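Colleague: my questions concern the predicted model and sequence given below.
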Amino acid sequence: MASTQSPTKSSNSRHQAAATMEENDPIELGRDMVEYVREYVRENPETAALYALGIGFVLGWKLKIW
């Protein structure tokens with residue numbers, strides 16, 4: 001029996017699958033995260049500085065070489 005799916009529907013579903021793959025692309029997700037963090041830091045510089053200070057303190061405390 002012949003396929004009931006038309007070529008238009010098939011190409012449309014392939015296009016949707018490609019769009020979904022682009023949304024889940026790790027490089028694109030990383031770029032989006034960097035853009036979000038930059039925007040957050042511009043809007044909240046004091047909070048971002050305190051986060052950086054806290055993370056630096058914990059890493060310095062845990063990664064002592066002595």
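Modeller: All right, it came through fine. Numbering: from 1, shown residues only.
Colleague: what stretches of this structure score poorly on pLDDT?
Modeller: Within the chain, the stretches with pLDDT under 70 are 1-23.
Colleague: quickly note the distance from Val35 to Trp61.
Modeller: That one is not Val; residue 35 is Glu. Per Cβ to Cβ, to the nearest Å, Glu35 is found 31 Å from Trp61. C-beta coordinates here come from the backbone N, C-alpha and C atoms, glycine included.
Colleague: same question for Ile55.
Modeller: 11 Å.
Colleague: so how many other residues sit close to Ala48?
Modeller: 15 (other Cβ atoms under 10 Å).
Colleague: grab the nearest non-local neighbour of it.
Modeller: Distances taken as Cβ to Cβ, 6 or more residues apart in numbering place Val41 nearest to Ala48, at 4.3 Å, with adjacent residues excluded.
Colleague: in which helix or strand does that neighbour reside?
Modeller: Using DSSP states H and E, the element containing Val41 is helix 26-43.
Colleague: using PDB, write out every CA atom in that helix.
Modeller: These are the backbone C-alpha positions of helix 26-43, laid out as PDB (Å, rounded to 0.1, in the frame of the first residue of the first chain):
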ATOM      1  CA  PRO A  26      24.600  22.900  23.000                       C
ATOM      2  CA  ILE A  27      26.600  25.700  21.400                       C
ATOM      3  CA  GLU A  28      23.500  27.800  20.900                       C
ATOM      4  CA  LEU A  29      22.400  27.100  24.500                       C
ATOM      5  CA  GLY A  30      25.800  28.200  25.700                       C
ATOM      6  CA  ARG A  31      25.600  31.400  23.800                       C
ATOM      7  CA  ASP A  32      22.100  32.100  25.200                       C
ATOM      8  CA  MET A  33      23.400  31.500  28.700                       C
ATOM      9  CA  VAL A  34      26.400  33.900  28.200                       C
ATOM     10  CA  GLU A  35      24.000  36.500  26.800                       C
ATOM     11  CA  TYR A  36      21.700  36.100  29.800                       C
ATOM     12  CA  VAL A  37      24.500  36.400  32.300                       C
ATOM     13  CA  ARG A  38      25.900  39.500  30.600                       C
ATOM     14  CA  GLU A  39      22.500  41.100  30.700                       C
ATOM     15  CA  TYR A  40      22.000  40.100  34.400                       C
ATOM     16  CA  VAL A  41      25.400  41.600  35.300                       C
ATOM     17  CA  ARG A  42      24.600  44.900  33.600                       C
ATOM     18  CA  GLU A  43      21.300  45.100  35.400                       C
END
